[in-house]
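Engineer: Need coordinates for the following:
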Amino acid sequence: MKRILSYINETPMIYLLLAFPLVILADIGHWGELWVFIFSAVGVVPCAYFIGESTEALAHFTGPRIGGLLNATLGNAAELIITIMAIRQGLLELVKASITGSILGNLLLVLGMSMLLGGIKNGIQSFDRREASRNSILLVLTVIILLIPSLLSHYIGVIDPEPSTKVEALSLGVAGMMILIYGLGLLYGFKETKYPLVSEESAALAKKSHWTMRTTLIILVLSTVGVAYLSEVLVNTVEPVVAQLGISEFFLGIIFIPLIGNVAEHLVSVQVAMRNKMTLSVEIAISSSLQIALFVAPVLVFISLIFGHPLTLVFNQFELIALIAGVLIAALVSADGESNWLEGSELLAIYIILGLVFFLL
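Structural biologist: Residues are numbered from 1 along each chain as shown. Sure, this is the predicted structure:
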């Protein structure tokens, strides 16, 4: 009993699980879609956190290499589940906005917060310049692959109102190649000590777990089920909430959904930076972006076929501009192998400006 109470005191995130029964009460009691939306969004945060915790605990049992693979596979599980539920409801623009928002959030918000708070506490911080440059180049190439359907689809078929068969075929082909590259990246990561998709250093974050293997698997399953339930409730209330608040579905997808799905991982990156481990902090931000671009996005394209709502990798011009700007800025900031609080402030300022533009669209 003392161990349980001690764990609760050390994990404030556990109190957010109170949002779970509140979702049910709000739904049964007809408190309104807005309250259901808020409570379900809050409830996703601790569930995503415990998916991450159980993944780290598994890394303790499996070793750093397999732990890195688990992190690469389950690192964005919560957001993947949310977007699958959105596809099921036919909210394809919300899904594409969420993909864009996740990449931007990691490169501008997370990296910016890490550099800002890490710089305030530790002054000028240094990180592995060669590794950061290599990862930045990989990210630029990955985003270029992601943008190809958007830039070329207009020349091979109709986009609006419904994408033509050729456009869908192009998205499926690109998605297949991206999954292949992701698989090759995982294979390469097992042979290299430092690679963003399978990182021993990321897996080394896993402290010795006080959970048994059985407890770890139970928590992982329960957290995943919890995210699935809350995501379905959340997505079902999107349209009424958008109408009630007067905001766009696009803004909800590009800013809000990525935040609630990745907040736990974001906190880890910032905490690592404040401990003056900037190399690992930069790696976490870039790894998450690569996982979204190379794994989550193409997987969603194929999953969308199951629900009869084909998802294409054709993004609008605002998303394209934001993606290109975010990737280039992050690459330039990490090019010298040093960071400070001013650079972090600038990254955050760009994210806030983009958020304001997306809000006013």
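Engineer: Could you pull up phi and psi at the nearest residue to residue 133 once chain neighbours are set aside?
Structural biologist: Closest residue in space to residue 133, ignoring its immediate chain neighbours: residue 335 at 6.3 Å, by Cβ to Cβ, 6 or more residues apart in numbering. (Each C-beta comes from the backbone N, C-alpha and C, glycine too.) Main-chain torsions, residue 335, degrees, to the nearest 10: phi -70, psi -30.
Engineer: do residue 337 as well
Structural biologist: Here residue 337 shows phi and psi, under degrees, to the nearest 10, equal to phi 80, psi 10.
Engineer: next one: residue 339
Structural biologist: phi -140, psi 160.
Engineer: show me the contacts for it.
Structural biologist: Counting by Cβ atoms under 8 Å, 6 or more residues apart in numbering, residue 339 touches 115, 118, 119, 124, 125, 126, 127, 278, 282, 333.
Engineer: Tell me who's in contact with the residue nearest to residue 133.
Structural biologist: 129, 132, 133, 136.
Engineer: Residue 36 too?
Structural biologist: Applying Cβ under 8 Å, 6+ apart, we find residue 36 in contact with 23, 26, 27, 233, 237.
Engineer: Looking at pLDDT only, which of these scores worst?
Structural biologist: Within the set of those, pLDDT is lowest for residue 27 (81).
Engineer: so how far is stretch 275-282 off the chain centroid?
Structural biologist: 19 Å (Cα atoms, centre = their mean, to the nearest Å).
Engineer: Buried residues of that stretch, list them for me.
Structural biologist: Residues of stretch 275-282 classed as buried by neighbour count (16 or more other Cβ atoms under 10 Å): 277, 278, 279, 280, 281, 282.
Engineer: contacting residues around it?
Structural biologist: 111, 114-115, 118, 121-122, 125-128, 131-132, 135, 201-202, 205, 269-270, 272-273, 334, 339.
Engineer: Stretch 147-156 too?
Structural biologist: Under Cβ under 8 Å, 6+ apart, the answer for stretch 147-156 is 159, 163-164, 166-167, 170-171, 174, 312-315, 319-320, 323-324.
Engineer: Now it: average pLDDT?
Structural biologist: So the average pLDDT for stretch 147-156 ends up being 82.
Engineer: which parts of it are buried?
Structural biologist: 147, 149, 150, 153.
Engineer: any idea how far residue 16 is from the first one?
Structural biologist: Look at residue 147 and residue 16: by Cβ to Cβ, to the nearest Å, they are 36 Å apart.
Engineer: Same question for the last one.
Structural biologist: Summarising the geometry, the distance separating residue 153 from residue 16, computed by Cβ to Cβ, is 41 Å.
Engineer: in the stretch 251-361 of the chain, which spans are helices?
Structural biologist: 257-274, 278-291, 297-306, 317-333, 341-360 (DSSP state H, counting those that start in this stretch).
Engineer: Pick the most buried one from the ones you listed.
Structural biologist: helix 278-291 (a mean of 26; mean count of other Cβ atoms under 10 Å).
Engineer: Distance of residue 323 relative to residue 108?
Structural biologist: Relative to residue 108, residue 323 is positioned 11 Å away (Cβ to Cβ).
Engineer: How about residue 116?
Structural biologist: Going from residue 116 to residue 108 by Cβ to Cβ gives 12 Å.
Engineer: Name the residue in those two with the higher neighbour count.
Structural biologist: Each of residue 116 and residue 108 has its neighbours counted (other Cβ atoms under 10 Å); residue 108 has more, 28 against 22.
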